[in-house]
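**Student:** sequence plus predicted model, see below.
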Amino acid sequence: MRLLAQLTDDPWSGISPSVYETGRLVALAPWLAGHAARVRYLLETQHADGTWGGPGEYALVPTLSAVDALGRHPAAHRGLAALRRLLSRPVKLPDTVAVELIVPALAERLGLRTPLDPRPLHALRHRPLPHKLWHTLEIFGPRPEVVPVGGVVAASPAATAVWLQEPRPGDSLRYLEAVQGAHGGPVPAGVPVPLFERSWIVVALRSAGLDVPDAVTGLIRSAFSARGAAGGPGLPADADDTATALHALALCDSPGPVGTLGQYREARHFACFPGERTPSTSTNAHALQALGHDRALAEWLRDMQEPDGHWLDKWHASPYYATACATNALGGNEKAVDWVLATQRADGSWGRWEGTYEETAYAIRVLAHSPRDVSAAMARGAKFMHGWDRPHPPLWHDKDLYTPTRIVQAEGMAALHLACAVCR
């Protein structure tokens with residue numbers, strides 16, 4: 001399987017570049033090779049209204065980072081005006097990684113006031129940083145408790161650069177030089193994440209009846225420790241990666257250490273990690289699939305369903321992702337099917353802001369569970385996907401929005417396979 005082989009041959013190219021992360025390198029590591037290319041990337045990705053990043057609330061974090069990075073450049077002045085507009089009305093924050101800390105930290109650097117309470121940020125500056133926050137070390141500065149793994153700090157170029165502080169030869173500098181090569185200077189917010197990519201791809205393909213190489217199971221199994229599985233080097237193990245890796249192994253008829261998931265249990269549901277700010281529906285859907293059966297967890301997942309039939313999630317901007325995860329775990333949900341049928345666009349696609357290949361794949365997944373004849377809707381969605389010829393827009397949550405390109409490709413392959421089987 002070419003997608004899975006790419007994870008070993010090229011661990012850098014599967015994740016799209018991040019405005020936020022690239023901006024942090026421009027601001028905090030101008031000594032790093034590729035600086036001029038990163039500046040060009042920021043200038044080229046600014047929107048006409050002065051912002052960077054995704055629609056609505058998703059513009060705040062990347063715009064803060066880009067404005068701080070560009071200093072006195074005219075693009076920064078336009079960005080600063082956009083920030084003042086964004087902050088002049090009630091602030092709606094997306095549920096992206098550490099957003100409640102990143103926004104006040106960058107606003108403070110720019111002399112901007114926000115309605116967010118900065119005290120949690122200030123408190124963290126005076127005590128050891130929890131492992132889950134090493135991924136955002138760039139907003140705290142070097143800390144003695146942070147230890148790179150193979151030169152990488154929590155799969156983050158910005159965190160690694162801040163830990164390194166200067167261009168010292170070694171694994172960390174080699175990582176920073178390699179990670180920017182895939183995009184010619186700009187960098188993703190989290191890379192490499194081989195366990196994350198392998199597990200999600202295997203689940204997408206195997207659950208649709210497609211084969212994957214036997215060797216992949218060994219690679220997934222080797223990522224387990226007593227704490228479960230982590231998405232990438234230096235990241236802490238978490239319930240989402242652990243559950244999805246377990247489900248991937250089970251689908252390959254090679255059951256993994258299911259007991260590792262129990263440490264993340266909180267009453268009826270699972271937390272991604274200790275001290276979690278908001279629970280994740282997709283993580284709990286993956287946990288239900290890993291366990292095979294859990295009445296309390298299934299009830300919790302149904303309780304999280306929105307009145308119109310969809311689900312929302314902290315790891316993805318689109319309700320179609322969360323709805324597909326929940327429907328897959330529950331073995332079908334006709335209320336979700338009704339919602340998907342009602343929200344199909346005229347061109348056959350589905351999407352939160354516009355019709356996309358990725359979201360259409362998730363919608364087809366939901367429909368594939370229905371006992372009703374939904375083949376016409378699936379066929380229209382598949383036709384849209386076959387005609388897709390654009391880059392996949394970022395919809396996944398890290399510090400800002402990103403696209404795990406290989407996972408999206410696998411989800412598309414799986415959905416088209418399911419649609420073909422139903423529409424024959």
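**Tutor:** Yes, it's here. Numbers count the residues shown, from 1 in each chain.

**Student:** by mean pLDDT, point me to the weakest helix or strand of this protein.
**Tutor:** helix 2-9 (a mean of 74; mean pLDDT, DSSP states H and E).

**Student:** buried stuff in that one?
**Tutor:** Residues of helix 2-9 classed as buried under the neighbour-count rule (16 or more other CB atoms under 10 Å) are 3-4, 6-7. No exception for glycine: its C-beta is placed from N, CA and C like everyone else's.

**Student:** can you name every helix or strand that it contacts?
**Tutor:** Here helix 2-9 touches helix 194-206, helix 405-423, going by 3 or more CB pairs under 8 Å, 6 or more residues apart in numbering; DSSP states H and E.

**Student:** what's the angle from it to helix 405-423?
**Tutor:** Using axes from the mean of the first three to the mean of the last three CA atoms, to 10 degrees, the inter-axis angle of helix 2-9 relative to helix 405-423 is 170 degrees.

**Student:** how far does helix 2-9 sit from the chain's center?
**Tutor:** 19 Å (CA atoms, centre = their mean, to the nearest Å).

**Student:** hey, where'd the strands end up in the stretch 151-300 of the chain?
**Tutor:** Secondary structure of the stretch 151-300 of the chain, counting by DSSP state E, counting those that start in this stretch: strands at 224-225, 228-229, 265-266, 269-270.

**Student:** how far off centre is the first one?
**Tutor:** Just to be clear, that refers to strand 224-225. Worked out by CA atoms, centre = their mean, strand 224-225 lies 21 Å from the chain centre.

**Student:** pLDDT of that strand, averaged?
**Tutor:** For strand 224-225, mean pLDDT rounds to 95.

**Student:** residues making contact with it?
**Tutor:** Here strand 224-225 makes contact (CB atoms under 8 Å, 6 or more residues apart in numbering) with 237, 242, 245, 256-257, 260.

**Student:** put the buried members of the residues you listed into a ChimeraX selection.
**Tutor:** Buried members of these, defined by 16+ other CB under 10 Å, are picked up in ChimeraX with:
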select :237,242,245,256,257,260
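
**Student:** tell me which two in the contacts of strand 224-225 are the farthest apart.
**Tutor:** The most widely separated members of the contacts of strand 224-225 are Ala237 and Gly256, with 12.8 Å between them, by CB to CB.

**Student:** where does the stretch 1-150 of the chain dip in pLDDT?
**Tutor:** 1 (pLDDT under 70).

**Student:** where along it do the helices fall?
**Tutor:** All helices of the stretch 1-150 of the chain, identified by DSSP state H, counting those that start in this stretch, fall at 2-9, 19-28, 35-44, 60-70, 74-87, 99-110, 119-124.

**Student:** quick one, which of those is nearest to Thr405?
**Tutor:** Between Thr405 and the helices of the stretch 1-150 of the chain, the tightest spacing by CB to CB is seen for helix 2-9, at 9.6 Å.

**Student:** for Leu367, state which of the contacts of strand 224-225 is nearest.
**Tutor:** When the contacts of strand 224-225 are compared against Leu367 (criterion: CB to CB), the nearest one is Ala245, at 27.0 Å.

**Student:** wait, that closest one touches Ser254, no?
**Tutor:** No - in this structure, Ala245 is not within contact of Ser254 by CB atoms under 8 Å, at 11.1 Å.

**Student:** list the buried residues for stretch 305-313?
**Tutor:** Those would be 305, 309-313, for stretch 305-313 by 16+ other CB under 10 Å.

**Student:** now flag whichever of those is closest to Ala69.
**Tutor:** Using CB to CB, these come closest to Ala69 at Asp313, 29.6 Å.

**Student:** beta-bridge partners for the closest one, please?
**Tutor:** Note on Asp313: beta-bridge partners by DSSP bridges are His316.

**Student:** can I assume it is in contact with Tyr320?
**Tutor:** No - look at Asp313 against Tyr320 with CB under 8 Å: they stay out of range, at 10.3 Å.

**Student:** neighbours around the closest residue to Glu145 other than its chain neighbours, how many?
**Tutor:** Sequence neighbours aside, Pro128 is the residue nearest to Glu145 in space, at 4.8 Å (criterion: CB to CB, 6 or more residues apart in numbering). Other residues near Pro128 number 10, with proximity taken as other CB atoms under 10 Å.

**Student:** state the distance from Pro157 to Leu25.
**Tutor:** 6 Å (CB to CB, to the nearest Å).

**Student:** pull up the overlap in contacts between those two.
**Tutor:** In contact with both Pro157 and Leu25: Val187, using CB under 8 Å, 6+ apart.

**Student:** who's in contact with Gly34?
**Tutor:** Contacts of Gly34 by CB under 8 Å, 6+ apart are 177, 180, 184-185.

**Student:** if you set the cut-off to 6 Å instead, what comes out?
**Tutor:** By CB atoms under 6 Å, 6 or more residues apart in numbering, Gly34 lies in contact with 180, 185.

**Student:** and it, how far from Pro17?
**Tutor:** Gly34 is 12 Å from Pro17, by CB to CB.

**Student:** any idea of the pLDDT on the nearest residue to Ala329 once chain neighbours are set aside?
**Tutor:** In space, and not counting its chain neighbours, Ala329 is closest to Ala285: 3.8 Å by CB to CB, 6+ apart. pLDDT recorded at Ala285 is 98.

**Student:** ok, Ala285 - how many residues close by?
**Tutor:** That count, for Ala285 with other CB under 10 Å as the rule, works out to 29.

**Student:** quick one on the thing from earlier: what's the closest of the contacts of strand 224-225 to Val152?
**Tutor:** For these, the nearest to Val152 is Ala237 (15.8 Å; CB to CB).

**Student:** wait, the closest one sits on Ala230?
**Tutor:** Yes - under the contact definition of CB atoms under 6 Å, Ala237 touches Ala230, with a separation of 4.6 Å.

**Student:** which residues sit in contact with Asp49?
**Tutor:** Asp49 neighbours (CB under 6 Å, 6+ apart): Ala82.

**Student:** now it: how far from Ser318?
**Tutor:** Asp49 is 23 Å from Ser318, by CB to CB.

**Student:** and stretch 256-263, C-alpha only, in CSV?
**Tutor:** Taking C-alpha atoms only, stretch 256-263 is exported to CSV below (Å, rounded to 0.1, in the frame of the first residue of the first chain):
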residue,chain,number,x,y,z
GLY,A,256,-3.4,-5.2,21.1
PRO,A,257,-3.1,-4.4,24.8
VAL,A,258,-6.7,-3.2,25.4
GLY,A,259,-6.0,-2.8,29.1
THR,A,260,-3.9,0.3,28.4
LEU,A,261,-7.0,2.2,27.5
GLY,A,262,-8.6,1.8,31.0
GLN,A,263,-6.3,4.4,32.6
